[in-house]
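Visitor: I would like the atomic coordinates for the input below:
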Amino acid sequence: MTRLRVAAAVGLLVALSGVATFWWTNTHPSVSYAGSYEPSSAYGSTLTLQLDDPPFTVSWDTGHLVGLALLVTGLLVLAGVAGFALGRRGRP
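Guide: Alright, predicted model coming up:
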C-alpha cells in the first residue's frame with residue numbers, strides 16, 4: 001500500500017508541475033533578442049494556429065509543450081495507480 005501512495009504522490013507532483021509550467025509560460029513573455037545576440041531561426045520553435053476569426057490566435061512555445069507533456073505523464077501515472085488499486089480491491 002505504501003508503494004501505491006508513493007506512486008500516486010509522484011504522479012500528482014508531476015501533473016501539478018505540468019500545470020505550473022504551462023501557467024508560468026503563459027504569464028511570462030517570450031524572450032526577444034536584438035542585434036548580434038539574436039540566435040538563428042534554426043533554434044526557435046513556435047506553433048501558431050489562426051482560426052477564421054482574426055483576434056483568436058493560439059501560440060505555443062516550448063514551455064507549453066513541456067507543461068502539457070508533464071501533465072499527461074502525471075495523469076497517466078495516476079490512472080495506472082487507480083487501476084491497480086481498484087484491481088487489487090476486487091480480489092478475494
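Visitor: drop to CA atoms for contacts and neighbour counts, all remaining ones
Guide: Noted.
Visitor: what's the neighbour count on residue 19?
Guide: By other CA atoms under 10 Å, 20 other residues sit near residue 19.
Visitor: As a check, name the ranges of all helices in the protein.
Guide: 2-27, 62-89 (DSSP state H).
Visitor: could I get the ones you listed as CSV with mean pLDDT?
Guide: Output for the helices of the chain, formatted as CSV (pLDDT from 0 to 100):
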stretch, mean pLDDT
helix 2-27, 92
helix 62-89, 91
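Visitor: so who does the residue nearest to residue 17 when sequence neighbours are not counted touch?
Guide: Spatial nearest neighbour of residue 17, excluding adjacent residues (CA to CA, 6 or more residues apart in numbering): residue 70 at 7.0 Å. By CA atoms under 8 Å, 6 or more residues apart in numbering, the residues touching residue 70 are 14, 15, 17, 18, 19.
Visitor: For those residues, work out which two are farthest apart.
Guide: 14 and 19 (8.8 Å; CA to CA).
Visitor: okay, and the common contacts of those two?
Guide: Counting by CA under 8 Å, 6+ apart, the residues touching both residue 14 and residue 19 are 70, 71.
Visitor: Residue 5 and residue 14, how far apart?
Guide: For residue 5, the distance to residue 14 (CA to CA, to the nearest Å) stands at 14 Å.
Visitor: do residue 80 as well
Guide: Look at residue 80 and residue 14: by CA to CA, they are 14 Å apart.
Visitor: more crowded one of those two?
Guide: residue 14 (22 against 16).
Visitor: need the contact list for that one.
Guide: When contacts are taken as CA under 8 Å, 6+ apart, residue 14 is in contact with 70, 71, 73, 74.
Visitor: Run through the residues that contact residue 85.
Guide: If you count contacts by CA under 8 Å, 6+ apart, then residue 85 has residue 4 around it.
Visitor: Verify the stated contact: residue 11 with residue 80.
Guide: No: with contact defined as CA atoms under 8 Å, residue 11 does not reach residue 80; the gap is 9.5 Å.
Visitor: Please determine how far the residue nearest to residue 13 when sequence neighbours are not counted is located from residue 26.
Guide: Among residues not flanking residue 13 along the chain, residue 74 sits closest, at 7.3 Å (CA to CA, 6+ apart). Distance, residue 74 to residue 26, by CA to CA: 20 Å.
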